[in-house]
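Give me a 3D structure for the following:
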Amino acid sequence: MTVIGLDDTDSRERGMCTTFVAATLAERIREEGGAVERRLLVRLNPGVEHKTRGNAALAVHTNLDADRALDLARDHLDLAETADPRTNPGVVVAPGDPGGVSEEVAAFARVAVRDYHDIDGAVALADRAGYECAHAGNGRGRVGALAAVGAWRAFDDWTYECISYRERERWGTDRDVDAESVFEAAERAYPDAWDTVDHGEGYPVCVPRTPCPILHGIRGDDPETVRSVAAAVDGEPVADRALFVTNQGTDAHLRSVEGFGEVSEGRAYRVDGKVVSGPETREGGHVFCRLRDEGGERLEVAAFEPTKRFRDRVRALRPGDRLTACGEVSGGTLKLEKFAVRDLVRTALENPECPDCGRSMGSAGAGQGYRCRRCGTSADGKVEVPLERNLEEGWYEVPPCARRHIAKPLIRGGFDDVVHPER
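Numbering: from 1, shown residues only. From the prediction side, this is the model:
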């Protein structure tokens, strides 16, 4: 076996897609008489500044010998959009079974999903492992390529995406996809296929809005289901279709920490805390509040405008509510991807009501309790009254239109409380 890792072939402005390069390479391998066991799509740390869109690295697992695999992979670097100076593709070719890479290489993959690597470190590790590399530009793509090589051993939760590609002459033009067929196919396949559409926004999220070669991508837990949904979507002709095994929808980027003092920029976390300030809607429609951990440290969390109706979940929080919050820290703020309500404040202290006239009593002065100005009745202090809450305990998430590729949808299950999935 041979593993070919690829990364950083696309451009924000000029298009291309590393999945397309991997799919094209897989077809070329078959033309050479080789077999392709799988195509692996690995989402790396979404906080990395050098990413294009979803920070995906790719691997092709094949029985082709390593030398010929390197030749073919090097040839496919010509597909990279290197006219964009920020596109710096890289290839790493590793002989051997993808599950048999060293623990050092697997650990490199885990860190690439949750943290950062530099180019020199990636090249040095590839050299120690006896892997061959190729690159263009500064070769930053070798970081992701090596991570893709190690991913099969590093992770054990995998999902699927069936990607349909456009005819080349249509790249960069508006996509012709029949939205009604997308919604119908999504409804039939749910929940085995997820994040195909956003019912709340009425939007087919499986259809990208970039100049890349992708027509649509269908994600889910079952390979035959995602293939069937892709085949059921009507629209412009499909030039090619490829199935990828992927870490999308797995929350592999999240790390748990004991306290807020352990969080740092550009990483994603799962943290526990108590709400200590009421939600505040700021300019742009972004909603913020603050949490406090057991040690007394505070952390701002936010639901930004693109999360749409999820912001109403955050607006419904009150001081005293206990949460588990998940998201990436940026600018000192945790950008919420999902949160779990662990405990809700059910009562509030209010001025007592006069038992005679029913009016709210006012303060009688410092340390003197409360008195009804009309009737003269008095009470010792404030009283607890029940609160109406439009939240329940359990997990809440951003809608599909705002979901990060790697974030786990609640419908996939495996969470430690009841879930309230968004569709």
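
Report all helices and strands that the strand ranked longest in the chain contacts.
Determined from DSSP state E, the single longest strand within the chain is strand 268-282. Using 3 or more Cβ pairs under 8 Å, 6 or more residues apart in numbering; DSSP states H and E, the elements in contact with strand 268-282 are strand 254-256, strand 286-292, strand 298-303, helix 310-315, strand 322-330, strand 333-343. C-betas here are computed from N, CA, C, even on glycine.

any idea of the angle it forms with strand 286-292?
Going by axes from the mean of the first three to the mean of the last three Cα atoms, to 10 degrees, strand 268-282 is angled at 120 degrees with respect to strand 286-292.

Quickly run through the sheet partners of strand 268-282, with directions.
strand 254-256 (parallel), strand 286-292 (antiparallel), strand 322-330 (antiparallel) (DSSP bridges).

Need the residues that contact stretch 227-241.
Contacting residues not belonging to stretch 227-241 are listed as 23, 27, 162-168, 170, 175-178, 181-182, 184-186, 188-189, 193, 196, 206, 215-216, 218, 220, 243 [Cβ atoms under 8 Å, 6 or more residues apart in numbering].

The strands paired with strand 268-282: which one's closest to residue 345?
strand 322-330 (9.0 Å; Cβ to Cβ).

And the helices in the chain?
Ranges of helices in the chain, per DSSP state H, are 18-31, 66-76, 103-114, 119-129, 141-154, 179-189, 223-232, 310-315.

Need those in a markdown table (columns: distance to residue 254 and mean pLDDT).
Output for these, formatted as a markdown table (distance: least, Cβ to Cβ, whole Å; pLDDT from 0 to 100):
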| stretch | distance to residue 254 | mean pLDDT |
| --- | --- | --- |
| helix 18-31 | 23 | 93 |
| helix 66-76 | 31 | 92 |
| helix 103-114 | 8 | 97 |
| helix 119-129 | 23 | 96 |
| helix 141-154 | 15 | 97 |
| helix 179-189 | 26 | 98 |
| helix 223-232 | 24 | 98 |
| helix 310-315 | 17 | 97 |
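
Which of those helices sits closest to residue 5?
helix 141-154 (3.5 Å).

Just the C-alphas of the closest one, formatted as CSV.
Taking Å, rounded to 0.1, in the frame of the first residue of the first chain, the C-alpha atoms of helix 141-154 are listed here in CSV:
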residue,chain,number,x,y,z
GLY,A,141,0.8,22.3,1.8
ARG,A,142,3.3,19.6,3.0
VAL,A,143,2.0,20.3,6.5
GLY,A,144,-1.6,19.3,5.6
ALA,A,145,-0.3,16.5,3.3
LEU,A,146,1.6,14.9,6.1
ALA,A,147,-1.4,15.3,8.4
ALA,A,148,-3.6,13.5,5.8
VAL,A,149,-1.1,10.7,5.7
GLY,A,150,-1.3,10.2,9.5
ALA,A,151,-5.1,10.7,9.8
TRP,A,152,-6.3,7.1,9.2
ARG,A,153,-4.4,5.9,12.3
ALA,A,154,-5.0,9.1,14.3
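
Packing partners of it?
Under the contact criterion of 3+ Cβ pairs under 8 Å, 6+ apart, the helices and strands touching helix 141-154 comprise strand 2-7, strand 36-43, strand 56-62, strand 90-95, helix 103-114, helix 119-129, strand 132-135.

So which of those is the most surrounded?
Highest mean neighbour count of those: strand 2-7, a mean of 30 (counted as mean count of other Cβ atoms under 10 Å).

roughly how far is that strand from the heart of the chain?
Put simply, strand 2-7 sits 23 Å off its chain's centre (Cα atoms, centre = their mean, to the nearest Å).

Repeat that for stretch 95-102.
Distance, stretch centre to chain centre, for stretch 95-102: 27 Å (Cα atoms, centre = their mean).

for that stretch, which positions count as buried?
Of all the residues in stretch 95-102, those buried under the rule 16 or more other Cβ atoms under 10 Å are 95, 96, 98, 101, 102.

Just list the residues touching the last one, thanks.
Neighbour list for residue 102: residue 129 [criterion: Cβ under 8 Å, 6+ apart].

For stretch 374-394, measure first residue to last.
For stretch 374-394, the separation between the terminal residues is 45 Å (Cα to Cα, to the nearest Å).

Residue 322 reaches residue 342, doesn't it?
Yes: using Cβ atoms under 8 Å, residue 322 is in contact with residue 342, at 4.3 Å.

Need the residues touching each of the two.
residue 272.

and the chain, what are its domains?
Domain assignment for the chain by automatic domain parsing gives 2-154, 159-246, 254-346+388-420, 347-386.

between those, which gets the lowest average pLDDT?
Ranked by mean pLDDT, the domains of the chain end with domain 347-386 at the bottom, a mean of 84.

residues of stretch 221-237 that come out buried?
221, 225, 226, 227, 228, 229, 230, 233, 235, 236.

What separation is there between the first one and residue 159?
Spelled out, that is residue 221. Summarising the geometry, the distance separating residue 221 from residue 159, computed by Cβ to Cβ, to the nearest Å, is 6 Å.

Between those two, which contacts overlap?
Between them, residue 221 and residue 159 have residue 412 as joint contacts when contacts are counted by Cβ under 8 Å, 6+ apart.

Okay then, goodbye and thanks.
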